[in-house]
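Participant: 3D model of this:
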Amino acid sequence: MSASHHTEVVLCPNAECKTPIRLSVGKFDGGYNDKGGVVIECSNCHLKFPCWLKNPNDASCVSKNGTVVATWTDEFPDSFEEKYGINKSQLDNLNINLVFGYEEPPATQWSPSIQTFFTNGHENFEFTAKYALDNLQKTIKDNYNTYGHHYVKRTYGVEKSFVIIEYQVNRKSYKATFAKRIKSENDLTIDNLYLIDHSSTDIAHQIDGIYTRNQLLVYLERLMNRWRYTAKEILLVVPFIGFFYKNAEEALYELWNWMEMNVDAEKTRLITRKATFNLFKQAQDSTGIPFDTLVELGLLEPMVENLTSKDAEFYQKSHAKYYVGVYDNYVEVLAGSFNIHGGSYFENMIFKRYEKEFFKERYLHMFKNFEYNDDDADETVHFMTFGVDNPENLITSLSEISLKQSSFEI
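Facilitator: You can find the predicted model right below:
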């Protein structure tokens, strides 16, 4: 079952410490959510204290500046007072705050969508690819275990893993490519694999048209994750994120959090209006931890932090909206009337591929001294293949992965 996440920060109750401890709070969409909490040990002063946390045993976690010592669901256990020297009354005095744009959100959970992105005619490849992936769970797990011996020993360390599956439906052969981030040995599992490419699809033909904002959020999510793993740089040129009317803070938070979850913040440039960024800061201030405090503590996620620098460029005189994955010699572009909003309003959108310098001349000339990030380093990645004569479980360069794809180049 998929879960949505938001970020909260609890301050260590030790008055001489007050370390901000990050909580990733997960909520199962359309399912039962456990009430409960965790016993946290502060990583700075090592004080143990209780904290409310929804779904403490599965969807939620303490993601920075603390570790989970114990969990509970429903009622606070009386035994914790003797075991950890804590009591239920401490829960009443916690300083817990919702945080926008806080360092790094949890990994995106991929699942097939009825808003077809990888499709051909009436065939939704998202569902057939998921079925092929599920059938290989044990083998994929075994491959990750094999690679894990090298990863733990740091013989080969990578940050991305690709799973390429050749499979058949009605005697026709297809190829699906999944990818995921590798941040620790705990990530060497089948969890969080994201479908980024599929054979026999024409993305431009599929996307071009009129869609609701909610539909376009699905399409943009698919593309941002595709670019996260394969592009050299991501550009998000969008005047508006969320809405400017009162009582829209929750929707605004969800959109910023959604955006940060689906990009590689280190290689993403967000170009927006100053008023849009100010709205974001105001929403953060209203949560209890002022935006400036997050800046001082170094708690901002990199994409947001870049907007606080003296060199940050905001563009006021434009309503152009386009989203770009930049590769060596070309760019992939999603463009149209769509800002990053949810809802049932209709917007127009097209998808195109341009030669890199042509795109710069036509679309980026309004930005002063714009230059691409021309890092020529070829990234080392892990990949495995299935359904071919010689299955592989190797370390290679990202450029070599392009030779194994169906519909995109790197």
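
Participant: In the stretch 151-300 of the chain, where is pLDDT below threshold?
Facilitator: For the stretch 151-300 of the chain, the stretches flagged by pLDDT under 70 are 151-157, 244-250, 253, 287-289, 296-299.

Participant: ugh, typo on my part, it should be the stretch 301-410 of the chain
Facilitator: 301-302, 315-316, 376-377, 401-410.

Participant: And the strands in it, which stretches?
Facilitator: Along the stretch 301-410 of the chain, the segments classed as strands by DSSP state E, counting those that start in this stretch run 321-326, 330-336, 346-355, 380-386, 393-397.

Participant: Only the buried residues of stretch 358-365, if you could.
Facilitator: For stretch 358-365, the neighbour count (16 or more other C-beta atoms under 10 Å) marks 359, 360, 363, 364 as buried. The C-beta positions use only the backbone N, C-alpha and C, and glycine is treated the same way.

Participant: I'd assumed residue 370 was in contact with the last one.
Facilitator: Right, the one you point to is residue 364. Yes - counting by C-beta atoms under 8 Å, residue 364 sits close enough to residue 370 to count as a contact (4.7 Å).

Participant: So residue 144 belongs to a helix, correct?
Facilitator: Yes - the assignment for residue 144 (DSSP: H, G, I helix; E, B strand; the rest coil) places it in a helix.

Participant: Can you get me a residue count around it?
Facilitator: The number of residues packed around residue 144, counting by other C-beta atoms under 10 Å, is 21.

Participant: quick one: contacts for it?
Facilitator: When contacts are counted by C-beta atoms under 8 Å, 6 or more residues apart in numbering, residue 144 touches 161, 188, 189, 190.

Participant: Quick check: the gap between it and residue 178.
Facilitator: 13 Å (C-beta to C-beta, to the nearest Å).

Participant: For the strands of the stretch 301-410 of the chain, give me JSON lines that also has distance to residue 241.
Facilitator: Shown next, in JSON lines, are the strands of the stretch 301-410 of the chain (distance: least, C-beta to C-beta, whole Å):
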{"stretch": "strand 321-326", "distance to residue 241": "11"}
{"stretch": "strand 330-336", "distance to residue 241": "15"}
{"stretch": "strand 346-355", "distance to residue 241": "15"}
{"stretch": "strand 380-386", "distance to residue 241": "31"}
{"stretch": "strand 393-397", "distance to residue 241": "35"}
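
Participant: Nearest to residue 95, out of the ones you listed?
Facilitator: When the strands of the stretch 301-410 of the chain are compared for distance to residue 95 using C-beta to C-beta, the nearest one is strand 321-326, at 37.2 Å.

Participant: Against which helices or strands is that closest one packed?
Facilitator: Contact here means 3 or more C-beta pairs under 8 Å, 6 or more residues apart in numbering; DSSP states H and E; on that basis strand 321-326 packs against helix 213-230, strand 233-237, strand 330-336, helix 356-363.

Participant: Switch the ones you listed over to TSV; also include distance to residue 313.
Facilitator: TSV is the format used below for the helices and strands packed on strand 321-326 (distance: least, C-beta to C-beta, whole Å):
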stretch	distance to residue 313
helix 213-230	21
strand 233-237	11
strand 330-336	19
helix 356-363	15
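
Participant: Among these, which comes closest to residue 314?
Facilitator: When the helices and strands packed on strand 321-326 are ranked by proximity to residue 314, the top entry is strand 233-237, at 11.4 Å, counting by C-beta to C-beta.

Participant: Can you give the contact residues for the closest one?
Facilitator: Contacts with strand 233-237, where a contact means C-beta under 8 Å, 6+ apart, come from 224, 227-228, 259, 263-264, 267-272, 315, 320-326, 372-373.

Participant: Check which helix or strand residue 8 maps to.
Facilitator: Taking DSSP states H and E as the criterion, the element that holds residue 8 is strand 3-11.

Participant: re the thing from before, and of the strands of the stretch 301-410 of the chain, who's closest to residue 86?
Facilitator: strand 380-386 (41.8 Å).

Participant: Tell me which residues of the closest one come out buried.
Facilitator: Residues of strand 380-386 classed as buried by neighbour count (16+ other C-beta under 10 Å): 381, 382, 383, 384, 385, 386.

Participant: Kindly reformat those residues as JSON lines containing distance to residue 86.
Facilitator: Compiled in JSON lines, those are given as follows (distance: C-beta to C-beta, whole Å):
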{"residue": "381", "distance to residue 86": "44"}
{"residue": "382", "distance to residue 86": "42"}
{"residue": "383", "distance to residue 86": "46"}
{"residue": "384", "distance to residue 86": "45"}
{"residue": "385", "distance to residue 86": "50"}
{"residue": "386", "distance to residue 86": "49"}
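
Participant: Considering the buried residues of stretch 358-365, which is situated nearest to residue 20?
Facilitator: Looking at these and their distance to residue 20, the nearest is residue 364, at 37.3 Å (C-beta to C-beta).

Participant: phi, psi of that closest one?
Facilitator: According to degrees, to the nearest 10, the main-chain angles of residue 364 amount to phi -120, psi 10.

Participant: what about the helices in the stretch 151-300 of the chain?
Facilitator: In order along the chain, the stretch 151-300 of the chain carries the following helices (DSSP state H, counting those that start in this stretch): 203-207, 213-230, 249-261, 274-285, 291-297.

Participant: and the ones you listed, which is most packed in?
Facilitator: Per-residue neighbour counts averaged over each of these give the maximum for helix 213-230, namely a mean of 21 (mean count of other C-beta atoms under 10 Å).

Participant: Any idea how far that helix is from the middle of the chain?
Facilitator: The offset between the C-alpha centroid of helix 213-230 and the centroid of the whole chain comes to 10 Å, using C-alpha atoms, centre = their mean, to the nearest Å.

Participant: Please identify the buried residues of stretch 137-145?
Facilitator: Per 16+ other C-beta under 10 Å, stretch 137-145 contains these buried residues: 140, 143, 144.

Participant: Between which two of the buried residues of strand 380-386 is the distance greatest?
Facilitator: Greatest spatial distance in the buried residues of strand 380-386: 381 and 386, 16.7 Å, computed using C-beta to C-beta.

Participant: got the contact list for the closest residue to residue 272 other than its chain neighbours?
Facilitator: When the adjacent residues along the chain are set aside, residue 272 lies closest to residue 238, with 5.7 Å between them (C-beta to C-beta, 6 or more residues apart in numbering). Listed by C-beta under 8 Å, 6+ apart, the contact partners of residue 238 are 270, 271, 272, 321, 323, 339, 340.
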